[in-house]
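Asks: kindly return the folded structure for what I paste below:
(one chain, ligands or ions: 2)
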Amino acid sequence: MRILFLYPPFYRFMGFYNRYFPYGLLTLATSARNHGHIVSVYNADLNNAPVDINVSNLADHYDSYLNSFREENNTVWKEVENTITSFQADMIGIQVYTDFAASAFHIAEMSKKIDSKCVVVMGGPHITVKADEVIKICSDVDYLIKGEGEQTLNELIDHLVYGTSKIDTINGLAFRKGNKVFNTPNRDLARGSLDVPFPDRSLLMNEKHYSSEDLGLLMTARGCPFKCTFCVTERNTRFRTVDSVIEEIKEVQKRYGTKQFTLKDDTFTLNKKRVREFCERLIFERIRIVWECNTRVDSMDEPLIKLMKKSGCIFIKVGIETGSERILSSMQKKITFKQIKEGANLFKKYKIHWTGYFMIGVPGETREDMEKTLSFMYELNPDFAYVGVYQPYPGSQLFRDGVANLLVNKKMSRHDFFNMPPNQYYKANPTIQLDIMSETEFKEIEIKIKTAFYNYNKNIFRLLKMALAKFPVYFNNPRNLLADFKKYLSY
Ligand code: B12
Ligand code: SF4
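Replies: Numbers count the residues shown, from 1 in each chain. Ligands and ions are numbered 1, 2, ... in the order given. Below is the predicted model:
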């Protein structure tokens, strides 16, 4: 079978930078290729020429996204159409996040118009939770794969190509039969270790458009056992072996000359023994890279941080979320202010550049809570601080609570997806962020806080510190310095 895997365009319509390659989709494609099929991964959101890179401004640009569906000669949609036409796929596999679900529906329709026999499959975080809704509002999709896709997709292809196994015995699927929708049971995930191929980056259709550092994106585990109320990640955590991670790093380093690796695991330091083994292997085998990871302030200690630094860790990103103890506890983040401050001190002591992620607009939050978040950010003094506005994602605890409290709409129509800005999706009253304050009051404090974060990050000393941390990357390839400088100018 010829299969085109597609990551829909979204950021690109709004002029935002997007250089991430779709790691999950590429893993899936590699697994289908290993199963004997001809595959390619087209990231239709890749954008090297941003006009804005401050993602906290995203919502100001949603009109350009929604208008793109009404523009007959939109260049991005023309490119997607031409790519689908020339690939002549038997199957198109589309990744769906909630925010760009409209793009995915549009591509499904386009694919069927180009070739009505082409099988359209969708998967991704939105499909895992909302398969029933999607199959009703998107008549162009044939199969929806819920949860991790590798095994389900290969079984589905075997069924379509060779007629092996009955469709209703394949777990993790939703599909139509006549006028009825069928859902097979969710697939049980094996516990403990994660045995998936690592993604073959040469399957990326626009491989040449990524820099060596972009291709250093890596996931060493899937899932996170914590239950933060706003998050929708898989709870069953599985780890790849250190051997396989080291092998992937070496291969990427050899093939692309990559110096900086970005470990995108939800919480990289969950299993300290494994992280120690990973760092020791890097040191012992003299693998000279620098790397960054996401983690939690309570999942590390001083000896671990020291070892991570020694093995090349230069950036760490942690979720602080809020400066209000009341809100932090309602989010069930299960960390304390004491742990946050201790974490911040460790990062400083070991000169690891760190980013703190914060969030405002969570149900029940008051103006005082949000002001506390700003003060706490200043007090912690991270090297970079990001603030986002809370959005209810299906599958999260806050979404379920919101449905019960009538703050969240359980369902969306096709019309809603194409006409509402994505930050209003699933809100019972799309114009209201917080039920306890007026829209104008929220807007006023949102602008105040975002501006304060923006000005905080613009500090020249902090930027120099970041450049210093990245010295090995710039030394390896001076073009990276130029790319970061351009990014700074557009900021
Ligand atoms: C890396 C990442 C990003 C990166 C890169 C995204 C990319 N290009 O892939 C960046 C930083 C750009 C990003 C941005 C955003 N992200 Co993000 N991101 C992630 C993160 C941390 C890892 C993604 C990943 O690689 N996962 C691992 C792989 C293996 O899983 P996967 O991609 O889901 O793929 C598997 C299955 O879903 C399925 N599958 C996926 N696609 C398909 C397609 C087909 C055809 C089939 C059959 C199966 C299938 O099979 C895959 C392999 O098993 C996840 C958290 C997470 N743990 O997943 C959040 C996550 C996906 N992001 C999320 C969100 C909300 C966002 C933003 C909207 C944030 C924001 N407010 O701006 C933006 C929007 C991005 C955009 N372009 O529109 C949410 C999505 C929730 C939702 N319902 O949509 C997640 C789940 C975070 C969370 N815990 O809440 N993100
Ligand atoms: S927010 Fe982070 S720590 Fe909390 S459940 Fe999600 S991935 Fe885990």
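
Asks: just checking, residue 481 touches residue 472?
Replies: No. The pair residue 481 / residue 472 is not scored as a contact, 11.7 Å apart, by CB atoms under 8 Å. The way it works is simple: take the backbone N, C-alpha and C, and place the C-beta from them, glycine included.

Asks: what pLDDT does the model give residue 172?
Replies: pLDDT recorded at residue 172 is 97.

Asks: that one: what's it in contact with?
Replies: Contacts of residue 172 were listed using CB atoms under 8 Å, 6 or more residues apart in numbering, and they are 145, 146, 147, 148, 149, 151, 152, 184, 185, 186, 187.

Asks: of the residues you listed, just the buried ones, ChimeraX syntax please.
Replies: Only the buried entries of the contacts of residue 172 go into this ChimeraX selection, using 16 or more other CB atoms under 10 Å:
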select :145,146,147,148,149,151,152,184,187
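
Asks: secondary structure and pLDDT for the contacts of residue 172 - can I get that in JSON lines?
Replies: Formatted as JSON lines, the contacts of residue 172 follow (DSSP: H, G, I helix; E, B strand; the rest coil; pLDDT from 0 to 100):
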{"residue": "145", "secondary structure": "strand", "pLDDT": "98"}
{"residue": "146", "secondary structure": "coil", "pLDDT": "97"}
{"residue": "147", "secondary structure": "coil", "pLDDT": "95"}
{"residue": "148", "secondary structure": "coil", "pLDDT": "95"}
{"residue": "149", "secondary structure": "coil", "pLDDT": "96"}
{"residue": "151", "secondary structure": "helix", "pLDDT": "95"}
{"residue": "152", "secondary structure": "helix", "pLDDT": "96"}
{"residue": "184", "secondary structure": "coil", "pLDDT": "96"}
{"residue": "185", "secondary structure": "coil", "pLDDT": "95"}
{"residue": "186", "secondary structure": "coil", "pLDDT": "93"}
{"residue": "187", "secondary structure": "coil", "pLDDT": "91"}
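
Asks: check whether the helix ranked longest in the chain contacts ligand 1.
Replies: Secondary structure of the chain per DSSP state H: the longest helix is helix 439-457. No. For helix 439-457, no contact with ligand 1 is found by CB under 6 Å from any ligand atom; the gap never falls below 13.5 Å.

Asks: helix/strand/coil for residue 317?
Replies: Using DSSP: H, G, I helix; E, B strand; the rest coil, the three-state assignment for residue 317 comes out as strand.

Asks: rewinding a little: what helices or strands is the longest helix of the chain leaning on?
Replies: strand 353-360, helix 367-380, strand 384-389 (3 or more CB pairs under 8 Å, 6 or more residues apart in numbering; DSSP states H and E).

Asks: which of these sits closest to ligand 2?
Replies: Among the helices and strands packed on helix 439-457, strand 353-360 comes nearest to ligand 2, with 9.0 Å by CB to the nearest ligand atom.

Asks: make sure residue 133 is indeed in a strand.
Replies: No. Looking at residue 133 with three-state DSSP, it is helix, so not inside a strand.

Asks: that concludes my questions; thank you for your assistance.
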